[in-house]
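*Asks:* quick one: sequence plus predicted model below, questions after.
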Amino acid sequence: MTADTTSPRSTGRWATRVLQPVILLVIMWIIRVLDAVLPGTWIQAFGIESWAPDGLDGILLAHGLHSGWPHLLANTIPFLVLGVLVALDGVGRFWAVTAIVGVIAGSGTWIFNAPGTITVGASGLVFGYFGYLVVRAFVAKSLGHGILYALIALTVVAVYGGSMLAGIFNAASGVSWQAHLFGAIGGAIAALVLRPARSRGRSKAPEPQPRIG
């Protein structure tokens with residue numbers, strides 16, 4: 001008997017997956033509101049300050065901070081679209097990918113950016129989700145899944161590929177290409193680390209066990 005993919009239970013499972021990046025995005029917006037209305041700024045305290053030991057906490061925290069509303073708005077749509085595509089793989093996988101990308105993007109930024117530079121923003125996660133989706137097509141558990149993820153990857157590349165490459169190789173002042181580059185690398189690594197076991201065709205029938213009479 002095959003499961004009914006339109007059952008309330010199945011619909012609820014997909015809705016839960018889609019909700020994960022939405023929750024993370026809502027947290028970013030709440031942080032931006034609080035940072036705007038409260039005295040001072042959290043960017044100095046929780047951003048990634050390169051080469052500064054007290055800036056290491058920013059490796060995890062800086063992804064939720066933004067320098068202003070235009071910065072957050074620029075990240076919102078690509079984060080939501082790519083985040084939902086990653087989350088369709090599962091709730092646990094979404095948060096695992098997010099954690100791996102966050103650490104690698106943050107660490108690469110802390111090491112390779114100019115000393116004292118402060119970096120904030122979710123663009124490292126955006127580039128990480130992009131890298132994950134592209135590499136995911138090559139590590140799918142079966143040919144059918146590989147074709148599906150290839151189609152997704154091609155669509156993502158067609159829509160975001162140009163801007164992603166520009167973001168990685170953009171050395172303009174104020175743009176952290178380090179976060180973009182290491183985010184994409186983190187996404188590729190996450191796809192490899194979290195790759196599912198490949199299908200090996202029809203499973204071998206178990207050997208009959210002797211009976212005791």
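*Replies:* All right, it came through fine.
*Asks:* let me see the ranges of the strands in the chain.
*Replies:* Residue ranges of the strands in the chain, as given by DSSP state E, are 48-49, 118-119.
*Asks:* can I get those strands in TSV with mean neighbour count, distance to Gly187 and mean pLDDT?
*Replies:* No exception for glycine: its C-beta is placed from N, CA and C like everyone else's. Formatted as TSV, these follow (neighbours: other CB atoms under 10 Å; distance: least, CB to CB, whole Å; pLDDT from 0 to 100):
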stretch	mean neighbour count	distance to Gly187	mean pLDDT
strand 48-49	27	18	96
strand 118-119	23	18	95
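*Asks:* how about those strands in JSON lines, adding distance to Gln178?
*Replies:* Listed next are these as JSON lines, based on distance: least, CB to CB, whole Å:
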{"stretch": "strand 48-49", "distance to Gln178": "9"}
{"stretch": "strand 118-119", "distance to Gln178": "7"}
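*Asks:* Ala96: which of those strands is closest?
*Replies:* strand 48-49 (21.3 Å; CB to CB).
*Asks:* check which helices and strands the closest one sits against.
*Replies:* The helices and strands touching strand 48-49, judged by 3 or more CB pairs under 8 Å, 6 or more residues apart in numbering; DSSP states H and E, are helix 58-61, helix 91-112, strand 118-119.
*Asks:* just give me how far that strand sits from the chain centre.
*Replies:* Computed by CA atoms, centre = their mean, to the nearest Å, the chain-centroid distance of strand 48-49 equals 20 Å.
*Asks:* by mean pLDDT, which helix or strand of the chain comes out lowest?
*Replies:* When each helix and strand of the chain is scored by mean pLDDT, DSSP states H and E, helix 143-168 comes last, with a mean of 78.
*Asks:* check which residues of that helix are buried.
*Replies:* Across helix 143-168, burial judged by 16 or more other CB atoms under 10 Å covers His145, Gly146, Tyr149, Ile152, Ala153, Val156, Tyr160, Met164, Gly167, Ile168.
*Asks:* low-confidence ranges in this protein?
*Replies:* For the chain, the stretches with pLDDT under 70 are 1-7, 170-174, 197-213.
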